[in-house]
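K.L.:
dropping a prediction and its sequence here:
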Amino acid sequence: MERRNFLTALGLLTGGVLTGLRGSSLPSPDEVGYLDLPPGGDVWSVIRQQFLFPEGYIYLNCGGIGTVPLHVRSLYADMWNQMERDPGAGYDSNRWRQVKIDMAPMLGKGIKHSELAFISCATEGINIILNGLPLKKGDEVITSTHEHPAVYLPLINNIKRRGIVVKTFVPDIENGMNNLHNIQNLTTKKTRLIIFSHRTCTNGQLFPMKEIGEFARANGIWYGLDGAQAPGSAPMDIVDWKTDFYTFSAHKWLLGPKRTGVLYVREELLDTVETVTIGGFSSKSYNLAEGKLELLDTASRFEYGTQNPLLFFGLHESMKLISDLGLDRIKEYDEMLSEYFYEGLNRMPHVETVSPKERAYRTSMISFRIPGLKAGEISERMMQKGIKVRVVNESGLNAIRVSFHVFNNIDDADKALNSIDSIRA
């Protein structure tokens, strides 16, 4: 299927994402005034200009790490200068709180900002969860075989330290609902925690998260999600999914500064997760002589020590861009690109897609492999043409992952497909 026919089939040339660039489907110039968008301007092209990618360079690895927009970098520099004129150990707590208030609805309805903690990255959040939960020898944890080391290493650490038992399921890319059944089949009376990726880092796979959450809640099992690959890419509702714990790095799809992470702990479980690491700003009061410690009654108890508030104030500005564009619009645009790319791969002989076969479980990250070639070689050859992708060696996939976000366009997808076509020939 040619480009125009494919886009028409998706409804993207007739009132959809592409023609909507100048229409009512996207924010008005007034709504994104900081981008200096002229009347009738192409929003996505202007957004593309907000990033430092050199001419001819195609960045298709937002799933690995994102990049900060120009207006955020400028504001960040101004704030840094202001902070250094009057150094201090504290920070503007009202503004810090406001970032959380604005973050909460991006994760779903009904989330309280008091359930959010600012941390460095998803890895730290997973460590807080796994090390803080009262797991003991013989307790079982269920996860998938497609997790990032950020999940596996803390799990292994707890196997060694506390003797927990970890059970894994192989994600089913043919039938997404089977992943619920896989988890149910692994569950026993000793199962204490189910934890896996919101979107897998290997192939961008979604799971039936709500159904898994309802199963976990009904059986008294804690439920956590590694959200590193999700916020900023699509709408979500972790409360509706019955999620107990959720953590992510904001330097990917939210386009925030590096070392900005968020941890969600359901209010009812704040006292269940032990604060293994604490310090200044974690407590209401303490008395060493009496051995008394009263922690904050919010998730801020997981924050401690001197912070770099500029990181999270910079994140706040990136969040404004994401909010102005709208998560529904971003999902539609990103997945228009990824679906075009996915269909292009499926038309190529000797190329195998390893992302979910069902549309409902695919996302803006698509993975593929070429039998007989090492993924590292494919990546190097694509990089020679200025196309940055990510090698996926996890779970022995020997695959390439391609991620599409707001700074990409259909030409990027075409050039990636042409590069792959020449490599596999």
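P.N.:
Yep, it's here.
K.L.:
contacts, neighbours, all on C-alpha from now
P.N.:
Fine.
K.L.:
count the neighbours of the nearest residue in space to K292 that is not next to it in sequence for me.
P.N.:
Of all residues not flanking K292 in the chain, Y286 sits nearest, at 5.4 Å (C-alpha to C-alpha, 6 or more residues apart in numbering). Number of residues near Y286 (other C-alpha atoms under 10 Å) recorded here: 12.
K.L.:
on the three-state scheme, Y286 is what?
P.N.:
strand (DSSP: H, G, I helix; E, B strand; the rest coil).
K.L.:
which parts of the stretch 201-350 of the chain are helices?
P.N.:
209-218, 309-325, 327-346 (DSSP state H, counting those that start in this stretch).
K.L.:
by mean pLDDT, show me the worst of those.
P.N.:
Among the helices of the stretch 201-350 of the chain, helix 309-325 carries the lowest mean pLDDT, a mean of 94.
K.L.:
show me how far that helix is from its chain's centre.
P.N.:
What separates the centre of helix 309-325 from the centre of its chain is 15 Å, taken as C-alpha atoms, centre = their mean, to the nearest Å.
K.L.:
that helix versus helix 327-346: what angle between them?
P.N.:
Angle, helix 309-325 to helix 327-346, by axes from the mean of the first three to the mean of the last three C-alpha atoms, to 10 degrees: 80 degrees.
K.L.:
out of the helices of the stretch 201-350 of the chain, nearest to G256?
P.N.:
helix 309-325 (4.5 Å; C-alpha to C-alpha).
K.L.:
and the closest one, what does it pack onto?
P.N.:
helix 70-85, helix 93-107 (3 or more C-alpha pairs under 8 Å, 6 or more residues apart in numbering; DSSP states H and E).
K.L.:
mind putting the ones you listed into JSON lines with mean pLDDT?
P.N.:
Below are the helices and strands packed on helix 309-325 laid out as JSON lines (pLDDT from 0 to 100):
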{"stretch": "helix 70-85", "mean pLDDT": "88"}
{"stretch": "helix 93-107", "mean pLDDT": "96"}
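K.L.:
would CSV of those with distance to H350 and mean neighbour count be doable?
P.N.:
Shown next, in CSV, are the helices and strands packed on helix 309-325 (distance: least, C-alpha to C-alpha, whole Å; neighbours: other C-alpha atoms under 10 Å):
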stretch, distance to H350, mean neighbour count
helix 70-85, 40, 15
helix 93-107, 39, 17
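K.L.:
can you redo those helices as JSON lines with distance to E380?
P.N.:
Below are the helices and strands packed on helix 309-325 laid out as JSON lines (distance: least, C-alpha to C-alpha, whole Å):
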{"stretch": "helix 70-85", "distance to E380": "29"}
{"stretch": "helix 93-107", "distance to E380": "36"}
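K.L.:
okay, the helices of the stretch 201-350 of the chain in JSON lines with mean neighbour count next?
P.N.:
Output for these, formatted as JSON lines (neighbours: other C-alpha atoms under 10 Å):
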{"stretch": "helix 209-218", "mean neighbour count": "18"}
{"stretch": "helix 309-325", "mean neighbour count": "21"}
{"stretch": "helix 327-346", "mean neighbour count": "20"}
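K.L.:
distance to N203 for those - can I get that in JSON lines?
P.N.:
Shown next, in JSON lines, are the helices of the stretch 201-350 of the chain (distance: least, C-alpha to C-alpha, whole Å):
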{"stretch": "helix 209-218", "distance to N203": "17"}
{"stretch": "helix 309-325", "distance to N203": "23"}
{"stretch": "helix 327-346", "distance to N203": "12"}
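K.L.:
thinking again about what came up before, nearest to N409, of the helices and strands packed on helix 309-325?
P.N.:
helix 70-85 (18.5 Å).
K.L.:
and the closest one with helix 309-325, angle?
P.N.:
Using the same axes, to 10 degrees: helix 70-85 against helix 309-325 is 150 degrees.
K.L.:
as CSV, could you dump the C-alpha coordinates of helix 70-85?
P.N.:
Extracted in CSV, the C-alpha atoms of helix 70-85 (Å, rounded to 0.1, in the frame of the first residue of the first chain):
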residue,chain,number,x,y,z
LEU,A,70,14.2,24.8,23.1
HIS,A,71,11.8,27.0,25.1
VAL,A,72,12.4,24.7,28.1
ARG,A,73,16.2,25.0,27.8
SER,A,74,16.0,28.8,27.6
LEU,A,75,13.8,29.0,30.7
TYR,A,76,15.9,26.5,32.5
ALA,A,77,19.0,28.6,31.9
ASP,A,78,17.2,31.7,33.2
MET,A,79,16.1,29.9,36.3
TRP,A,80,19.6,28.5,36.9
ASN,A,81,21.1,32.0,36.8
GLN,A,82,18.5,33.2,39.3
MET,A,83,19.2,30.3,41.6
GLU,A,84,22.9,30.9,41.6
ARG,A,85,22.5,34.6,42.4
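K.L.:
next one: it to chain centre, how far?
P.N.:
The answer for helix 70-85 is 25 Å, by C-alpha atoms, centre = their mean.
K.L.:
what is it packed up against?
P.N.:
helix 309-325.
K.L.:
and the angle for the helix it packs on with helix 93-107?
P.N.:
40 degrees.
K.L.:
contacts for helix 309-325?
P.N.:
Residues outside helix 309-325 that contact it (C-alpha atoms under 8 Å, 6 or more residues apart in numbering) are 26-27, 31-32, 68-69, 72-73, 75-76, 79-80, 91-92, 95-96, 99, 103, 232, 250, 254-260, 330.
K.L.:
residues touching G280, list them.
P.N.:
Here G280 is in contact with Y304, G305, T306 (C-alpha under 8 Å, 6+ apart).
K.L.:
which phi and psi does it have?
P.N.:
phi -50, psi 140 (degrees, to the nearest 10).
K.L.:
and it, how close does it get to L293?
P.N.:
12 Å (C-alpha to C-alpha, to the nearest Å).
K.L.:
was I right to think the residue nearest to K292 contacts E294?
P.N.:
Yes. Using C-alpha atoms under 8 Å, Y286 is in contact with E294, at 6.1 Å.
K.L.:
quick one: low-confidence residue ranges for the stretch 1-150 of the chain.
P.N.:
1-41 (pLDDT under 70).
K.L.:
how about the strands in it?
P.N.:
All strands of the stretch 1-150 of the chain, identified by DSSP state E, counting those that start in this stretch, fall at 58-59, 116-119, 140-144.
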